[in-house]
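Asker: A structural model of the following input is requested.
(2 chains)
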Amino acid sequence: MKKIVVSLLLIAGLVSSCGKKTEEAKTLDLAALKGSTLNILAWEGYADASFTKAFEEKYGVTVKGTYFGSSDELVSKLQSGGGSSYDVITPSSDVAGYIVESGLVEPIDESQIAAWKSLSPVLVGMKDVQKDGKTYGMPFTWGPDYLIYDADVIKETPTSWDLFMDPKYKGKIALYDDISTIYLAAQMLGYDKTDQSVLYNMTEEQLAACKAKLVAMKPQVRKNWASAGELDNLFKNKEIVAAVGWPLTPANLNKQGMNIKSVIPKEGATGWIDRLMIVKDAKNKQLAQLWLDYVSSPKVMAKVAEFTQYYVSNPEANALLTPETQKLMGVASMDSMFKTLNFWQPVKNRKRYNEIWSEVKNQ
Amino acid sequence: MKKANKYFLLTPLLLWLFLFLVLPYCFILTQSVLTTDDFGKVIYHFNLDSYIKIFTNPLYYETLTRTFIYAIIVALVCILLSLPLAYFIAFKVQKHKSFYYTLIVLPFWMSYIVRAYAWKIILGEQGIFNSSLMNLGIIDKPLRFVLYSDFSVILCLIYIFLPFVCIPIYTSFEQISKSLVEASKDLGANSWKTFWKVIFPLILPGVISGGTLALVLTLGDFLAASLLGGPNTLFISNIVQNLFGTSNDKPLGSAVGVVLLVLVFLLLEFSSRYEKKHETQ
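Answerer: Model (predicted):
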């Protein structure tokens, strides 16, 4: 009996799909989306009204951004059941592969992303977010961990991270409260001169040397910042004059009339590649897919770049930036920057790295 | 029927305690003897590594000790500040007693985070504290140790937990019969002697319960340290928060939690015994 019912249903389904009702079904679905909320769990700046508003108006939905301050925070939120609360996440290159491997995200449908073909082939071709022939992440942005400084105080462009050791700036430096600060110490020690991946696979001796370096730096440090907003405030209140940070900080502060500059010192800098991913068991999978499609367009990508001053994955966006932003971001030299940055990779012994970072604070 | 009724009334409480106290404790206890993979996924493999780590890696036992010392400082300063304040309201204020009492409770009406942030504004390089001192010509460079240091964290904790200590002490002052104080004075004791020989033994239970409260709350606080702490500031709760968040090592975080829990239980047990001893005397 059951079999008969099922086959009848199947036949009915076939007949109805022959009726070319797909167009109608799609519009119906869009109507159903109206009033729903797209929840984005992202790095700061990735859900700004300057580019979410048009999406909200187009589909009659609300975009709600929740910010995370470190890759570990994101992973921890996802693992403790964040899937039901968030639809889209923006992991960086250090944990993206792990998130895919752990089955925390859904594969994305490239055919539904209009500008997929115009996205940077280098970024699209990266293997860490591909599994069993499926793609799990859409390249979004990338950028460096700059040496950021208050150009009103530090008149000469710094050339080396050793600025952080200069007694002249005692108590005037801020570091990122994250294991990436250990990568920075390793770069200062020259560990990645021949092989970039050394930073992410350090031995216990190398970690001890990094720890000693960071402990020596401590008298220089005013505060370890935990969010970009906190770093902005430290600069604004003149608590610090230099820090390691993202392009978002000078972008924000210079809008408020400050003179904050950023530079990649001679030892090099680390960087990150952020993707958009759809969370497994997301409540609004369809809306999430529409968000990816929307963001991929050069126009929206340009708005993201205007706000964050991060490099975006759609090169067609660059031409749409104001000449001022193009100059500030150094769009002309972005390809050479991409080659020099040491992009965050998965750290196998992440637990130990985190422990070392806590030990630095305890010294 | 009557007896059954009594237990029936208890069920919401028992259910609450079971769901939100007993179950989570069991869960934490279980998790503390498990382990994780490299990215923090909990693996069901019994071991005591987390506990061994806490007692062998200085990061954990030193932080635990330091937090305890800070908690004792916070409790002691809160007690010292509360004694004259509560004494004043209980004995010296004749009119509008409730007004003064409200002043103590008033900070509770504001969110903790707002109050902690306020200290950033007060103590900052360009904050009210430094700029006033500079305008008065007392200092010529802003004092930097007052913010983003252990000092600012302890200051904030004292400020936040002061009402918790002051209220029980005030209550015990209120319960003292005025005639006892008068009798002491009639018998020739001066104010100092009256306070230490007559009043203080009577308010000791209030002092102990208030102090214990401040101590335990400090042990569990991580917000003050993360908002106002400097590069050296690390409280045990920061480590727990870190282990559950950033470091994503839930078994170790649970183990630290269990150790902390045992210490707090011992402390509460000790202080309630002490309190009882004094009540019977």
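Asker: Next, give phi and psi for residue A:272.
Answerer: phi -140, psi 150 (degrees, to the nearest 10).
Asker: do you know how far the closest residue to it other than its chain neighbours is from chain B?
Answerer: Computed as C-beta to C-beta, 6 or more residues apart in numbering or on different chains, the closest residue to residue A:272 that is not its neighbour in sequence is residue A:92, at 4.3 Å. Where you see a C-beta, it was placed from the backbone N, CA and C, and this is true even at glycine. According to C-beta to the nearest C-beta, to the nearest Å, residue A:92 and chain B sit 14 Å apart.
Asker: Next up, the contacts around residue A:92.
Answerer: A:43, A:71, A:272-274, A:344 (C-beta atoms under 8 Å, 6 or more residues apart in numbering or on different chains).
Asker: ok, so of those, who is nearest chain B?
Answerer: Here the nearest of the contacts of residue A:92 to chain B, counting by C-beta to the nearest C-beta, is residue A:71; it sits at 8.9 Å.
Asker: list the contacts for the closest one?
Answerer: Per C-beta under 8 Å, 6+ apart, neighbours of residue A:71: A:91-92, A:94-95, A:178, A:344.
Asker: Could you do residue A:266 as well?
Answerer: A:159-160.
Asker: what mean pLDDT does stretch B:63-73 have?
Answerer: When pLDDT is averaged along stretch B:63-73, the result is 95.
Asker: and it, anywhere near chain A?
Answerer: Yes. Stretch B:63-73 lies within reach of chain A by C-beta under 8 Å from any C-beta of the partner chain, at residue B:63.
Asker: what about that stretch, distance to the chain center?
Answerer: Centroid separation for stretch B:63-73 versus its chain: 11 Å, with C-alpha atoms, centre = their mean, to the nearest Å.
Asker: got the CA coordinates for it in CSV?
Answerer: Written as CSV, here are the backbone C-alpha positions of stretch B:63-73 (Å, rounded to 0.1, in the frame of the first residue of the first chain):
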residue,chain,number,x,y,z
THR,B,63,47.1,32.1,38.7
LEU,B,64,44.9,30.3,41.2
THR,B,65,47.1,31.4,44.1
ARG,B,66,47.3,35.0,42.8
THR,B,67,43.5,35.2,42.3
PHE,B,68,43.0,34.0,45.9
ILE,B,69,45.4,36.6,47.2
TYR,B,70,43.6,39.3,45.2
ALA,B,71,40.2,38.0,46.4
ILE,B,72,41.4,38.2,50.0
ILE,B,73,42.6,41.8,49.4
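Asker: May I see the buried residues of it?
Answerer: The neighbour-count check on stretch B:63-73 (16 or more other C-beta atoms under 10 Å in any protein chain shown) flags B:63-64, B:66-68, B:70-71, B:73 as buried.
Asker: So which of the residues you listed sit within helices?
Answerer: B:63-64, B:66-68, B:70-71, B:73 (DSSP state H).
Asker: In three-state terms, label residue A:148 for me.
Answerer: For residue A:148, the secondary-structure state derived from DSSP: H, G, I helix; E, B strand; the rest coil is strand.
Asker: how far away is it from residue A:343?
Answerer: For residue A:148, the distance to residue A:343 (C-beta to C-beta, to the nearest Å) stands at 19 Å.
Asker: quick one, which of the two is more surrounded?
Answerer: residue A:148 (25 against 16; other C-beta atoms under 10 Å in any protein chain shown).
Asker: In this structure the more buried one contacts residue A:260, no?
Answerer: Yes. In this structure, residue A:148 is within contact of residue A:260 by C-beta atoms under 8 Å, at 6.2 Å.
Asker: Find residues that contact each of the two.
Answerer: Common neighbours of residue A:148 and residue A:260 (C-beta under 8 Å, 6+ apart) are A:235, A:249-250.
Asker: Let's have the residues you listed in JSON lines, adding neighbour count.
Answerer: Compiled in JSON lines, the shared contacts of residue A:148 and residue A:260 are given as follows (neighbours: other C-beta atoms under 10 Å in any protein chain shown):
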{"residue": "A:235", "neighbour count": "25"}
{"residue": "A:249", "neighbour count": "26"}
{"residue": "A:250", "neighbour count": "24"}
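Asker: Just give the number of residues close to the residue of the stretch 201-350 of chain A found nearest chain B.
Answerer: Closest residue of the stretch 201-350 of chain A to chain B, C-beta to the nearest C-beta: residue A:221 (4.1 Å). By other C-beta under 10 Å, the residues close to residue A:221 number 24.
Asker: mind listing what the spatially closest residue to it that is not a sequence neighbour touches?
Answerer: Nearest residue to residue A:221, sequence neighbours excluded (C-beta to C-beta, 6+ apart): residue B:231, at 4.1 Å. By C-beta under 8 Å, 6+ apart, the contact list for residue B:231 reads A:175, A:218, A:221-224, A:361, B:148.
Asker: what's the farthest-apart pair in the residues you listed?
Answerer: A:222 and A:361 (13.7 Å; C-beta to C-beta).
Asker: In the stretch 51-200 of chain A, which residue sits closest to chain B?
Answerer: Closest residue of the stretch 51-200 of chain A to chain B, C-beta to the nearest C-beta: residue A:72 (4.2 Å).
Asker: mean confidence score for the host helix or strand of that residue?
Answerer: Per DSSP states H and E, residue A:72 falls inside helix A:71-79. Taken as a whole, helix A:71-79 has an average pLDDT of 85.
Asker: In terms of secondary structure, what does the helix or strand where residue B:158 lies contact?
Answerer: Using DSSP H and E, residue B:158 maps to helix B:150-175. In terms of contacts (3 or more C-beta pairs under 8 Å, 6 or more residues apart in numbering or on different chains; DSSP states H and E), helix B:150-175 is packed against helix B:58-87, helix B:97-105, helix B:112-123, helix B:200-219, helix B:223-228.
Asker: Could you rerun that using 6 Å?
Answerer: helix B:58-87, helix B:112-123, helix B:200-219, helix B:223-228 (3 or more C-beta pairs under 6 Å, 6 or more residues apart in numbering or on different chains; DSSP states H and E).
Asker: Figure out how far the shortest one is from the centre of its chain.
Answerer: Same thing as helix B:223-228. 14 Å.
Asker: Now the next helix or strand after it: buried residues?
Answerer: For helix B:223-228, the following helix or strand on the C-terminal side (DSSP H and E) is helix B:236-244. Using 16+ other C-beta under 10 Å as the test for burial, helix B:236-244 gives B:236-244.
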